[in-house]
Each structure stands twice: as structure tokens, then as C-alpha cells.
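Engineer: what follows is a predicted protein model with its sequence.
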Amino acid sequence: MNIVASTVALRVGDVAASSRFFTSHLGFREVLSQEEFVALSRDDGAADILLQQRSPEEPPSVGFADVIVSFAVTDIAAEHERLRGEGANITVPLRHEPWGEWVLRLTDPNGVVVQLVEWIPPFRD
């Protein structure tokens, strides 16, 4: 198997709100927009995002595991400050984990959790 691209598909209640979140705070751009979905992309190595309209009769997350969209980034401290300045909904502030990462989490208007992580050497005693 040769994987040539990756897409994370997210079913949300408000496609436009999630699209604004990803384009405003995370540098994605809309590459295709229809009534029922929006396709987002970046020019770097990030996976594409497909935002699909969830059926109004279908409650959120029924039968599905919680999903965290995670992006490895550089200079996470600067990203944290930028996101704070933009008023992004930071649900887990920047912190250093003992296994060797700086991490922060944001949540979009539909409850999609986005984790930004920068790998660093772990703590030493």
C-alpha cells in the first residue's frame, strides 16, 4: 500500500463555524465548499480536513469515540501566544508533559478538539 494523502473527516453540527475556526486559527484554507461539506487544506504536510454536516436527527458523538486532531508544530510557545491573542478557545493551556512534549488543546465551536504538540527532551531527575 502506498498512501499518497491523508484526510481527517469530522461530522459537525455547524460546518461554517468549524471552517472559520480552522481557517482563522490554524492556517487552513477552503479548497471546496458545498452545502453539506467543506474541504480544507494547507500547503505543508498537515492532513486535509473534511468537515461534513451532521444530520440534525443524529446527536453528537453517538456510537463514535472522542476524536482529537493533533498537529506537531514548531515554536509552540509563539503559537500559544498568537492563539490567545486571537481569542481562540484554549481548553488546555500550554504545558510540558514528562514524556517529552509541550502540548496545548483548543476546541472549535462544534466541540472538535485540536491538539498542538512540540516534541522536546523529557524531564530528567
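Structural biologist: The structure has been received and is ready for your questions.

Engineer: quick check: the gap between the closest residue to Pro56 other than its chain neighbours and Asn110.
Structural biologist: Distances taken as CB to CB, 6 or more residues apart in numbering put Gly13 closest to Pro56, at 8.0 Å, once the chain neighbours are dropped. From N, CA and C alone the C-beta is placed, and that goes for glycine too. Look at Gly13 and Asn110: by CB to CB, to the nearest Å, they are 6 Å apart.

Engineer: swap in Arg95?
Structural biologist: Counting by CB to CB - Arg95 and Asn110 are separated by 24 Å.

Engineer: compare those two (neighbour count), which wins?
Structural biologist: A side-by-side neighbour count of Arg95 and Asn110, using other CB atoms under 10 Å, places Asn110 first with 17 against 11.

Engineer: can I assume the more buried one sits in a helix?
Structural biologist: No: the assignment for Asn110, made by DSSP: H, G, I helix; E, B strand; the rest coil, is coil rather than a helix.

Engineer: can you classify Arg84 as helix, strand or coil?
Structural biologist: What three-state DSSP gives for Arg84 is helix.

Engineer: the residue nearest to Pro56 is in contact with Arg54, isn't it?
Structural biologist: Yes: Gly13 lies in contact with Arg54 (CB atoms under 8 Å); the separation is 5.4 Å.
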